[in-house]
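Asker: One predicted model, sequence on top.
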Amino acid sequence: MRDLAKSVHLQASSLYNHIESKQEILQLICFQNASCFLEGMAAITSSSATPDEKITAVIQLHIDIAFTDKTAITAFNDEWKHLEQPHLATFVNMRKFYESQFKNILQTGIDQGFSLLWTPELLCGLFFSCAGFMKCPFRITTSAVGTSAGFVCFEWVEGA
């Protein structure tokens, strides 16, 4: 809290006039990031794009969010685990819904004759566990990461 207060030029005790606890800060960060991911996924799933275009769009969504807010991937993948109930349960449901939407895109591809090397569950797990690479400390562009991530994804999906 002292570091946060210092960065916004306040006394640590003054922060508590605006924020009740560290838990409240975590809730705000986690739910704000979850909303960004869910809104992006809603736009993707409601589009008329093909499953492979939607997969590319999900990858680009993650890249765009990660480059806009470098804490987003950490909050969405890791920090949420420190939420207290009932917020933890709410966040877990939001995350499960997001993952189910990603799996549904993959399943739609299968139903349309798209060939996968692995199950949608495994691909989803791989995608979310690999999302941490977007926290790269080097100065790279979102298009460079998007091109690389798209290539890797289609290596997974198409087996090229």
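Answerer: Happy to help now that I have it.
Asker: what's the spacing between Phe67 and Leu61?
Answerer: 11 Å (CB to CB, to the nearest Å). (C-beta placed from N, C-alpha, C; glycine too.)
Asker: and if you look at Gly125?
Answerer: On the measure of CB to CB, Gly125 and Leu61 end up 18 Å apart.
Asker: And the two? Which one has more around it.
Answerer: Using other CB atoms under 10 Å, the more surrounded residue of Gly125 and Leu61 is Leu61, with 17 against 14.
Asker: for the more buried one, helix, strand, or coil?
Answerer: With DSSP: H, G, I helix; E, B strand; the rest coil as the basis, Leu61 sits in helix.
Asker: What does the pLDDT read for it?
Answerer: pLDDT for Leu61: 88.
Asker: same deal with Ala149?
Answerer: In this model, Ala149 carries a pLDDT of 50.
Asker: please renumber so the chain begins at 168
Answerer: With 168 as the first residue, the last one maps to Ala316.
Asker: where does this structure dip in pLDDT?
Answerer: 297-327 (pLDDT under 70).
Asker: which residues in it form helices?
Answerer: For the chain, applying DSSP state H gives helices covering 169-174, 179-182, 189-212, 218-235, 239-244, 254-278, 287-297, 309-325.
Asker: Asn271 and Thr212 touch, don't they?
Answerer: Yes: counting by CB atoms under 8 Å, Thr212 is a contact partner of Asn271 at 7.3 Å.
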